[in-house]
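# sequence first, then the predicted structure, then my questions.
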Amino acid sequence: MKKNKLLLASLALVGSLVGCGIGNPSSSEPAPGPGSSDAPSSEKSEEVKEEVSQGVGEGKILVGNAAATSGAFATVGGPFNAGLEAAFKAYNDAGGFGEEGLKIELKHYDDGFDGAKGATYTEKLIEEDEVFALVGHFGTPTVEATLDTIKEKGIPMVYAATGVSGLFNQKAEGNDKAVMSVQPIYDAEGQVLLARAVAKTEGNMGLGGKKIGVISTTDDAGKGMLNGIKLEATKLGISDITYVTTASTPGTNHGTPVQALKNAGCDVVIIAANQAPFAEIMSYFKTGGYDNVKVITSYVSANTDLAKSLVDSGAITETREAYATAWLDIADTYVYAPDASNTVGTGLWAGYKIYDDTLGLPTFYDAGVPGFSEEYWTVAEAIFAWGLENDPTAAWALSFNSYALAGYIAGHMFIEGLDRVEEAGKVLNWKNYIDAMESAPYDFPMGGAIDLANGARYGIQDLALNKLTKNALGAGALEVYSGITTLKAVEAAK
C-alpha cells in the first residue's frame with residue numbers, strides 16, 4: 001500500500017514555503033447498505049453497485065460535519081475543524097484522489113453544541129448537500145442525536161469527536177459498520193481511570209491511590225465513565241470507593257460533593273466529566289481547601305490552555321495535582337529552550353521568535369530539537385501551513401493545540417480510506433470505502449493503532465497519562481507521566 005499522501009505533502013513543506021445507499025443516488029429503488037447480503041445478483045445490479053456514491057464528482061469529494069464553532073465549546077470545535085482542514089489541504093496539495101485528482105471539500109455547520117441543531121444539520125448534509133461522508137462528527141449531543149440516522153442511511157462516519165457509549169459495538173453488522181469511531185469511548189475510559197488511580201507509582205504506572213473518590217456529572221459523559229469505573233471496580237475487587245454526583249450545567253455549585261470527598265479522606269479523586277465541568281469542579285477543590293490530593297480525569301481535558309488556566313487560578317498546585325489520560329503520545333513535544341537569537345532558523349519557522357511577548361505563545365524549533373517527535377513535527381507543520389493562509393494570528397497556537405491535532409487525525413484517518421480504495425483500484429462508494437477501512441489496522445500519527453476488522457467498533461483502548469502543568473516559560477504544558485500503556489499492564493501494577 002502506498003504511503004499516505006498527506007504525510008508526504010506535509011514533509012515537503014519543510015523546504016517550501018449520494019443518495020442514501022451504495023450506488024446510484026437518483027435510483028428510485030433503495031440500494032443495499034454496507035454489508036448487505038441481499039443484493040440482487042443480476043449483471044445490471046452489479047453495475048449499479050459499482051457506481052460512485054453521492055458527493056463524489058465535479059472535481060471534489062464532498063464531506064461534512066456539524067461542530068460547535070461558537071458558544072462554550074468553540075475553543076474545542078474551532079481548532080478541531082482547523083486541524084481537519086489542514087489535513088485536507090495537505091492531501092489536496094499532493095494531488096487528491098485518483099487520476100482526476102478529486103479534492104476533498106468540507107461542508108460545515110455550526111450547531112453550537114446543540115443536539116437538535118446538530119440533527120437538523122446532519123440530515124441536511126446527507127439529504128440536501130449529499131456529502132460522501134461525515135468526518136469529525138462532533139460532540140456528544142449531536143452524535144447521540146444522529147447515530148440512528150447515520151446507521152439507517154449507511155453513510156460512512158469517520159471519527160466521532162466524543163466517547164459517547166452508543167458508539168461502542170464489538171461486532172457491527174450491515175449499516176452499523178458505517179460508524180467508525182476513534183476516540184476512547186467513555187465506558188472503556190472509565191476502566192482506565194480507575195486502574196490508573198489505584199496502580200502503583202513505581203514506573204509511573206499509576207497514582208497509588210489508597211482511598212478513591214469519584215465525582216461524576218449526570219450527563220452522558222459522566223454516566224459513561226461512571227459505568228466503566230464500576231465495571232473496573234468489580235474486576236479489580238475494589239469496594240471502598242466514595243461516589244458523588246454533580247450536574248454538568250455551567251455555573252453549578254459543586255461545593256457539597258467536593259466537600260464530601262474531602263471529608264471521606266480520598267487521596268485520589270476521579271473527575272468523570274467533560275472539560276467544562278472539570279474546570280469548574282477543580283475551582284471548588286481550591287475554594288474548599290482540598291489539598292494533598294491527586295485528581296485524574298478524561299483525555300478531553302488534556303489541553304495546554306486549560307492546564308495554564310488551572311495553574312494560574314490556583315486550582316492546580318504542588319499539593320493538588322491534576323492528571324489526564326491521552327490517546328496521543330505528544331506531551332514530550334512541549335519543550336522549549338530559546339537560543340541566543342531567540343528565533344527559529346529554517347523552513348516555515350524562519351524568522352519567528354521562540355517566544356512572542358505580544359501573543360504570549362511559545363513557538364517551534366528546527367526538527368532536530370529534543371522533545372519533538374518526527375510525527376508531531378509533520379502534523380504541526382501541516383496545521384501551521386493552513387493557519388498561515390487562513391488565520392495567521394492563530395497559526396502558532398493551533399500548531400500545538402490538542403484539539404487541532406485531533407482534527408488533523410480525523411482527516412488523516414478519512415484519507416487513509418481514500419488511499420486504500422485508490423490503491424485497490426476500486427470505485428469510490430460507501431461499501432468499498434468501509435471495506436477498505438476494515439481491511440487492515442489503522443496506525444495513528446503520534447499514537448497506537450485501531451483495527452476495525454469484523455465490525456469491531458470500540459475506539460482506542462491503550463492510553464497514556466499526562467500531568468497538567470506549566471513549563472519554564474509560563475505556558476501551559478502536558479508533562480508526560482506515563483506513555484501509552486495497555487489496560488492489562490496498568491491493572492497488573494495494582
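Structure received.
# how much space between S53 and D435?
13 Å (C-beta to C-beta, to the nearest Å). (Each C-beta comes from the backbone N, C-alpha and C, glycine too.)
# more neighbours: which of those two?
Shown here are S53 and D435; by other C-beta atoms under 10 Å, S53 has more neighbours (30 against 18).
# the more buried one contacts V131, doesn't it?
No: taking contacts as C-beta atoms under 8 Å, S53 lies outside contact range of V131: 9.9 Å.
# using the three-state scheme, assign A160.
At A160 the chain is in strand, as set by DSSP: H, G, I helix; E, B strand; the rest coil.
# who's in contact with S482?
Under the criterion of C-beta atoms under 8 Å, 6 or more residues apart in numbering, the neighbours of S482 are R196, G203, N204, M205, G206, A464, L465.
# now swap in L106 and tell me
Applying C-beta under 8 Å, 6+ apart, we find L106 in contact with V63, G64, N65, N81, L84, E85, F88, V135.
# out of these, list just those in helices.
Judged by DSSP state H, the contacts of L106 include N81, L84, E85, F88 as members of helices.
# list just the nearest of the contacts of L106 to G476.
The nearest member of the contacts of L106 to G476, counting by C-beta to C-beta, is N81 at 21.4 Å.
# start to end distance for stretch 441-461?
14 Å (C-alpha to C-alpha, to the nearest Å).
# buried residues, it. List them.
Neighbour-count burial for stretch 441-461 flags 442, 444-448, 450, 452, 457-461 (criterion: 16 or more other C-beta atoms under 10 Å).
# reformat those residues as TSV; add secondary structure and distance to N169.
Formatted as TSV, the buried residues of stretch 441-461 follow (DSSP: H, G, I helix; E, B strand; the rest coil; distance: C-beta to C-beta, whole Å):
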residue	secondary structure	distance to N169
Y442	strand	17
F444	coil	20
P445	coil	25
M446	coil	26
G447	strand	21
G448	coil	20
I450	strand	13
L452	coil	11
R457	strand	4
Y458	coil	7
G459	coil	10
I460	coil	15
Q461	coil	14
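# lowest pLDDT pick from the residues you listed?
Lowest pLDDT among the buried residues of stretch 441-461: G448, with 73.
# how about the closest residue to that residue other than its chain neighbours, what does it touch?
Of all residues not flanking G448 in the chain, D462 sits nearest, at 5.1 Å (C-beta to C-beta, 6 or more residues apart in numbering). D462 makes contact with W327, G448, I484, T485, T486, L487, according to C-beta under 8 Å, 6+ apart.
# determine which two of the buried residues of stretch 441-461 are furthest apart.
Across the buried residues of stretch 441-461, the longest distance by C-beta to C-beta is 22.1 Å; it joins M446 and R457.
# tell me how far the residue nearest the centre of the chain lies from D329.
The centre of the chain sits closest to A406, judged by C-alpha atoms, centre = their mean, with a distance of 4.3 Å. Noted for A406: a distance of 13 Å to D329, by C-beta to C-beta.
# hang on, the earlier thing: quick one, which of the contacts of D462 are buried?
Judged by 16+ other C-beta under 10 Å, buried ones among the contacts of D462: W327, G448, I484, T485, L487.
# quick one: which of the residues you listed sit in helices?
L487.
# just send the buried ones among the contacts of D462 back as CSV, with distance to N263 too.
Formatted as CSV, these follow (distance: C-beta to C-beta, whole Å):
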residue, distance to N263
W327, 34
G448, 40
I484, 36
T485, 33
L487, 31
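# which of the buried ones among the contacts of D462 has the weakest pLDDT?
Pick the lowest pLDDT in those and you get G448, at 73.
# which one of the buried ones among the contacts of D462 is nearest G95?
If you rank these by distance to G95 using C-beta to C-beta, G448 comes first, at 28.8 Å.
# just checking, the closest one touches I484?
Yes: with contact defined as C-beta under 8 Å, G448 and I484 form a contacting pair (5.7 Å).
# name the residues contacting each of these two.
W327, D462.
# and the helix or strand where G224 lies, what does it pack onto?
According to DSSP states H and E, G224 maps onto helix 220-236. When contacts are defined as 3 or more C-beta pairs under 8 Å, 6 or more residues apart in numbering; DSSP states H and E, helix 220-236 sits against helix 140-153, helix 186-198, strand 212-217, strand 241-246, strand 268-272.
# what angle sits between the second one and strand 241-246?
Spelled out, that is helix 186-198. 130 degrees (axes from the mean of the first three to the mean of the last three C-alpha atoms, to 10 degrees).
# now helix 186-198: buried residues?
The neighbour-count check on helix 186-198 (16+ other C-beta under 10 Å) flags 186-198 as buried.
# format the residues you listed as CSV; extra columns: distance to F384.
Below are the buried residues of helix 186-198 laid out as CSV (distance: C-beta to C-beta, whole Å):
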residue, distance to F384
Y186, 32
D187, 36
A188, 33
E189, 30
G190, 35
Q191, 36
V192, 32
L193, 33
L194, 38
A195, 36
R196, 33
A197, 37
V198, 40
